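Just need the structure, nothing else, for what follows:
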Amino acid sequence: QVQLVESGGGLVQAGGSLRLSCAASGSTFSRYTMGWFRQAPGKRREFVAAIRWSDDSTWYADSVKGRFTISRDNAKNTVYLQMNSLKPEDAAVYYCAADRADIWGLRAGYSYWGQGTQVTVSS
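Sure thing, here's the model as predicted:
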């Protein structure tokens, strides 16, 4: 089992950048595929990005491709989401998720979740 704690959210102007962090504890972080999801008010939670544990391959939602970058530091048990060129429509609560599945393209069914961090983008 793994526990996840997100940080790094806040208020940023459109066009700005933020880096979210997700610290993991309780299990072997390096053997988990890690994902980021987000949920805006009144909307369903949606997939943002993920990184596979076996080869560090990544995949992204079309809406963030080219602007967001997911990465991980296994020595620090942390996964990051670098968000550039932020838009008002990126505003949401961002959640970190983890799963032992070694499946490229995994966008649902993650087993473990953090509590979320709020990202607000002003226009």
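
From now on I want contacts and neighbour counts done on CA atoms only, so please keep to that.
Fine.

Please, where are all the strands along this protein?
3-7, 10-13, 18-25, 33-39, 46-51, 58-60, 68-73, 78-83, 92-99, 112-113, 117-122 (DSSP state E).

what helices or strands is the third one leaning on?
Of the remaining helices and strands, those touching strand 18-25 by 3 or more CA pairs under 8 Å, 6 or more residues apart in numbering; DSSP states H and E are strand 3-7, strand 78-83.

What is the end-to-end distance of stretch 63-79?
With CA to CA, to the nearest Å as the measure, stretch 63-79 spans 20 Å from end to end.

roughly how far is it from the heart of the chain?
Stretch 63-79 has its C-alpha centroid displaced from the chain centroid by 7 Å (CA atoms, centre = their mean, to the nearest Å).

what mean pLDDT does stretch 43-55 have?
In this model, stretch 43-55 has a mean pLDDT of 96.

let me fix that: stretch 113-123
Rounded mean pLDDT across stretch 113-123 is 97.

Quick check, central residue of this structure?
Closest residue to the average C-alpha location of the chain: Trp36 at 2.3 Å, with CA atoms, centre = their mean.

From what I see, that one and Val48 are in contact.
Yes: if you go by CA atoms under 8 Å, Trp36 and Val48 touch, sitting 5.4 Å apart.

circling back: would you reformat the helices and strands packed on strand 18-25 as a markdown table and include mean neighbour count?
Below are the helices and strands packed on strand 18-25 laid out as a markdown table (neighbours: other CA atoms under 10 Å):
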| stretch | mean neighbour count |
| --- | --- |
| strand 3-7 | 20 |
| strand 78-83 | 21 |
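
right, so of those, which gets closest to Thr117?
Closest of these to Thr117 is strand 3-7, at 5.9 Å (criterion: CA to CA).

So in that sheet, which strands flank that closest one, and in what orientation?
Applying DSSP bridges to the sheet, strand 3-7 is found paired with strand 18-25 (antiparallel).

and the strand it pairs with, C-alpha only, in PDB?
Extracted C-alpha coordinates of strand 18-25, given in PDB (Å, rounded to 0.1, in the frame of the first residue of the first chain):
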ATOM      1  CA  LEU A  18       3.400  25.800 -11.500                       C
ATOM      2  CA  ARG A  19       5.100  22.500 -10.400                       C
ATOM      3  CA  LEU A  20       3.100  20.100  -8.500                       C
ATOM      4  CA  SER A  21       4.700  17.400  -6.300                       C
ATOM      5  CA  CYS A  22       3.400  14.200  -5.000                       C
ATOM      6  CA  ALA A  23       5.300  12.500  -2.200                       C
ATOM      7  CA  ALA A  24       4.800   8.800  -1.700                       C
ATOM      8  CA  SER A  25       5.300   6.600   1.400                       C
END
